[in-house]
Each structure stands twice: as structure tokens, then as C-alpha cells.
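Participant: Here is the input, now give the coordinates:
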Amino acid sequence: MDPPNGLKSNPTDVKVTHVTVPVTSSMVTSTTHIEFLDQLNSRSTIKAYAGDCSYVSNQCLLDRVGTGEEDELTCTGWGDPVLPGEGVDVTFAGQYYNFNEGDRAGWNNGVAVFTPDAWENTLEGMGGMVGYFSLFYNKEETANTLYLEGVKPRMECVSSNAAAYAEINLMGEPRPKVAWTSYYVYACTWGQPMDMDTGENVCGGWSIPKCGEYHTTAVANAGGDLMCAEDPYTNYLGDDFVAWATEADVFIYADGGSWEATYGAMEDVLSSLPACKNQRCYDVAKNGENDWFESRYGNPDVLTEDLTSVISSGRQFNYQTKFLRNVATEQRGTGRECRDPDETEVWESLADDCLYIDVIFDAGGEESGAGRCGGGKRGALLAAAGAAAAGLAGGGGRERPITR
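Facilitator: Here you go, the predicted structure:
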């Protein structure tokens, strides 16, 4: 099997090193690492980020930038020294980190360890990465509790309830179609002009997710069908995009920073889409432009709740999405405040509690929700996404306040 890009395939070229645990200082090379260390109450060990601080969403880390204090967070570009003095114990080296030792000359960044999170392409694999990071902090038990008693059962509960909703409300009708895309174009030949009218020298466009990747499962678990492509790196432009997007019941623009600019440039097209006309167009800027990229890997249960809320009729109730923003009715977020700067409290998930619902057919053939969430056709709706929002028929619901 070929190794991921950047890894050496010849074992004789690999220098065996050791990491002393628990790690007391670290550098992260991807913002996705930050959320996992935050969940383990090990955020304070992050001394450097190999990138621009403007890409960081975690406010507790941002509060440490430029302080001049011992715990100051250093952000740096590639090829620059990361930290003065003895540096850090370990660098968590992600997808784009170069493992060639010569290219890291002058970096005082401790032992580089490969983090496989970028190659995880299932919701379970993404959420379970907290277990990998826990190995470096002797916090395996904490990781098991977070994932096996929190993330995993919540995802299963939400998915079960979304399926129950479909059985009750769709009555055999097709499930909602979901377009999940972002827009990016570039010159096919560097330095040559692009002609947007003819498409000459224009590469990229509206990116379409490949079928079978995590997007497919996430949307299916939430009660929808993803509009995906069989080939990777599929992009649509012009009429091809319009024909594709017109079929969508829900439109998700998976970029936190550019919806307004993209909409401004393509208002005629985007405003005509049925999903946008029906106010079912979303981007991922509910907590600012970076939190989606930083936090969703570590919170697949929250992602599942959000998707269920916007795809299924949980959106009728008072569940508040954490990542997805309705571009017609909600303002762009500014990020979450730093809740626990000294890490003295147990990390608390953004996800809501989930209560399973049952679907029972009575003697007359009428469906009803029963058991743990109260009765009534609509009452059997989506306790998962709305944390059994108050007002469900039967009064069996409860909602846990968001505390983080």
C-alpha cells in the first residue's frame, strides 16, 4: 500500500525517535488539531501554530497571541524558527507538513509525529481521532469517555430519530436532496488571463463532493440524499452548475469566508435557486469563517445535529445550529468566547442531549410517536436535533442549555 503523500516509503530512510509522555509543550500544524487538544483539556500545551494566527478560531488560544508571557502562542510561516530556546516536545504534523528532515533544518520543534486526521473520511474516524491525541497525554480514559459515551451514541441517536421522522412525515416521498459545495476558480495556466465568459483558462468552479466520502454519510444520517459525483475533483461552471443546483432542496455553501462575495458576483444565479428562494441556503459561518474548519472534525455529533435540523423538519423548533448559518435570516458569527482559559473545568460539548423516539402504528394505521418523546404525528419529530425541544406534543421533551 502506498503511504500518504509526504511519508517516506523506504523504512531505512526513517529515523526512529521517541516521545516522552505526557507531552508538556507542542506545536500544531493544522487548526483541526486544536479542537482535539481542547477536548482533552490540553490546549495549554500548544505553544505554536505553523500558520497565520488569523486562521485560528479558538478564542482561548487567540488571547495568548502577542502577550509576551511565558504561555504566549507563536504563529509562524513555513521555514521560520518556531520557538526560541528548547522549543517544544512534539510537533503534530498534519497533511501538508513536509517530513523531509532537510526541509525542516533550523526548526527547533521537537519530535514530529504524523497525525492521520486529514485521511479520516468517516464521521466515526474523525470523532475518534481524540483517542490518537490522548496517547500523548496519558488521557486515553478521558478520550474513551468523550467518544464512546458522548459523540458516538449521540450520532446514533440523532440518525435513528431522523429515520423515524422520515418514516412518519415523508410517507414514501423522496428524501430532501442536498447540494454541498464551495466555489473556487484559478488559472489553469499560471500567469495567463482567465476568460470567465468563455471558460478559457479557467479551472475549478463549484466543487462537488465525491460519493462515498464523509459528506454522503453525514447527509444520509440526517435524513437527506447528497448530490455527489462519482469522480473526485468534479467541478461545475455555468449552466452545468445551475442544472445541478436547481435540483437541491437544501444548499450548503461549505466556506465560512466568502458567501457574501460569491453571492454578490452571482446573485442572479444563486437567488434563482429553489433552495435559496425557500430560505434553505446555508453557509458554515455561524461561528465566524474559521470555526467550521477547526472544530467540525472533533464534533461529528454536532455536525449531524446541524444537518438534521436544516434537512429535516427539526428546523421548525428551537434548536440553534452551531456551524450552519441560514444566509437569509442569520448574521455571520464572530466566534465563541473563551469559556475556560485556565482549563480548570471538564470540557463540555456543544451538542445537545438526544432522546430516542419510537414510531408506533396504531390499529387504524395512523402513525404516532410514543415512549420517550411523547405522542402525535408531529410530536414524534426529531428529538435528536432539537434536544426534544419544548412544545413537542405530549410534553416529553427537554432542552439542555448551551453552555459553551
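
Participant: And the chain, split by domain according to the record?
Facilitator: For the chain, the structural domains run 15-119, 146-337, going by automatic domain parsing.

Participant: measure Asn121 to Cys211 for me?
Facilitator: Distance, Asn121 to Cys211, using C-beta to C-beta, to the nearest Å: 12 Å. In this view, the C-beta of every residue, glycine as well, is placed from N, C-alpha and C.

Participant: try Gly87
Facilitator: 44 Å.

Participant: The two: which is more packed in?
Facilitator: Gly87 (18 against 15; other C-beta atoms under 10 Å).

Participant: so which strand or helix has that one?
Facilitator: Using DSSP states H and E, Gly87 falls within no helix or strand.

Participant: pull the longest helix from this structure.
Facilitator: Criterion DSSP state H: the longest helix present in the chain is helix 152-169.

Participant: Tell me which residues are up against the next helix or strand after that one.
Facilitator: Reading on from helix 152-169 to the C-terminus, the next helix or strand found by DSSP H and E is strand 177-187. For strand 177-187, the surrounding residues in contact (C-beta atoms under 8 Å, 6 or more residues apart in numbering) are 193-194, 196, 201-209, 215, 219, 224-228, 237, 244-245, 247-255, 258, 262, 266, 275, 311.

Participant: Now the buried members of those residues.
Facilitator: By neighbour count, with 16 or more other C-beta atoms under 10 Å, the contacts of strand 177-187 hold 194, 202, 204-209, 215, 219, 224, 226-228, 237, 244-245, 248-255, 258, 262, 275, 311 as buried.

Participant: Report the helix or strand with the lowest average pLDDT across this structure.
Facilitator: helix 383-386 (a mean of 36; mean pLDDT, DSSP states H and E).

Participant: shaky segments in this structure?
Facilitator: 1-17, 77-86, 95-110, 313-318, 359-404 (pLDDT under 70).

Participant: Please enumerate the strands of it.
Facilitator: In the chain, strands defined by DSSP state E lie at 26-28, 46-49, 74-75, 90-93, 111-114, 177-187, 202-208, 225-226, 234-236, 250-253, 281-283, 325-326, 358-361, 367-370, listed in chain order.

Participant: can those strands go into TSV with extra columns for distance to Leu170?
Facilitator: As requested, the strands of the chain are arranged in TSV below (distance: least, C-beta to C-beta, whole Å):
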stretch	distance to Leu170
strand 26-28	43
strand 46-49	45
strand 74-75	48
strand 90-93	43
strand 111-114	44
strand 177-187	13
strand 202-208	25
strand 225-226	12
strand 234-236	28
strand 250-253	14
strand 281-283	21
strand 325-326	22
strand 358-361	12
strand 367-370	11
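
Participant: And those: which comes nearest Val130?
Facilitator: strand 90-93 (12.8 Å; C-beta to C-beta).

Participant: Pairing partners for that closest one, with directions?
Facilitator: Strand 90-93 has the following strand partners under DSSP bridges: strand 26-28 (parallel), strand 111-114 (parallel).

Participant: which ones are touching Gly335?
Facilitator: Residues in contact with Gly335 (C-beta under 8 Å, 6+ apart) are Ser57, Gln59, Asn287, Gly288, Asn290, Asp291.

Participant: if I look at the fourth one, how far off is Phe323?
Facilitator: Relative to Phe323, Gly288 is positioned 11 Å away (C-beta to C-beta).

Participant: Compare neighbour counts for those two and give me the winner.
Facilitator: Between Gly288 and Phe323, counting by other C-beta under 10 Å, Phe323 is the more crowded of the two (25 against 18).

Participant: So which residues of the stretch 1-150 of the chain form helices?
Facilitator: Shown for the stretch 1-150 of the chain, the helices assigned by DSSP state H, counting those that start in this stretch span residues 32-39, 59-62, 123-134, 140-146.

Participant: which of the residues in the third one are buried?
Facilitator: Along helix 123-134, the positions that meet the burial threshold by neighbour count (16+ other C-beta under 10 Å) are Leu123, Met126, Gly127, Gly128, Met129, Val130, Gly131, Tyr132, Phe133, Ser134.

Participant: So what's the gap between that helix and the chain middle?
Facilitator: Centroid separation between helix 123-134 and its chain, computed with C-alpha atoms, centre = their mean, to the nearest Å, is 13 Å.

Participant: From the rest of the structure, what touches that helix?
Facilitator: By C-beta under 8 Å, 6+ apart, the list of residues contacting helix 123-134 reads 33, 36-37, 39-40, 42, 92, 115-117, 120, 140, 142-144, 146-147, 151-152, 155, 214, 217-218, 221, 296-301, 303-304.
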